[in-house]
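1. Fold the stuff below for me.
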Amino acid sequence: QLVESGGDLVQPGGSLRLSCAAPGLTISWYIMGWFRQAPGKEREFVAGISPSSDDVKYSYSVEGRFTISRENDKNMVYLEMNSLLPDDTAVYYCAADQHYLIRTAPEDYKYWGQGTQVTVSS
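-> Numbers count the residues shown, from 1 in each chain. The predicted structure follows:
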């Protein structure tokens, strides 16, 4: 029900914009989040946004570099990534959660996409 796009190979210091489409979901009912998983590591929270966009949360490692946003009328969520580092290399996932507050644990999110690969390398 969630489809990510926008992943690519980018040089360190570069930028990417990830998109998440939700053709089978009315995202205005959900907290939306972005997670990532690097090879050999656990899936980790990157950013989350409340249904009305009045609350956002970022992981410490991306705060100030990444920006999450949403367009409920288009059923879309975005992750703008700037000043990319090699450590940002991972598969990035979009997820939807019906809880009241933004949560950071993957198990709290009900719907997931298949992921999009982001590789930061020179």
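2. who's in contact with the nearest residue to D8 once chain neighbours are set aside?
-> On the basis of Cβ to Cβ, 6 or more residues apart in numbering, the spatially nearest residue to D8 that is not a chain neighbour turns out to be L16, at 6.0 Å. For the C-beta atoms, the positions are set from N, CA and C on the backbone; glycine is no exception. The contact partners of L16, by Cβ atoms under 8 Å, 6 or more residues apart in numbering, come to G6, G7, D8, V10, M81, L84, V118.
3. ok, what's across the strand from the closest residue to the first one other than its chain neighbours?
-> By the measure of Cβ to Cβ, 6+ apart, the closest residue to G6 outside its immediate chain neighbours is L18, 4.2 Å from it. In this structure, L18 has the following beta-bridge partners (DSSP bridges): L79.
4. From E107, how far out is L18?
-> Look at L18 and E107: by Cβ to Cβ, to the nearest Å, they are 22 Å apart.
5. the more surrounded of those two?
-> Between L18 and E107, counting by other Cβ atoms under 10 Å, L18 is the more crowded of the two (24 against 7).
6. just to revisit the earlier point, and the contacts of L16, which of them are in strands?
-> If you go by DSSP state E, these have V10, M81, V118 in strands.
7. Distance of the closest residue in space to Y92 that isn't next to it in sequence relative to E4?
-> Closest residue in space to Y92, ignoring its immediate chain neighbours: R36 at 4.9 Å, by Cβ to Cβ, 6+ apart. Here R36 is placed at a distance of 11 Å from E4 (Cβ to Cβ).
8. just to revisit the earlier point, surely the residue nearest to Y92 meets A95?
-> No - the pair R36 and A95 fails to qualify as a contact (Cβ atoms under 8 Å) at a distance of 11.0 Å.
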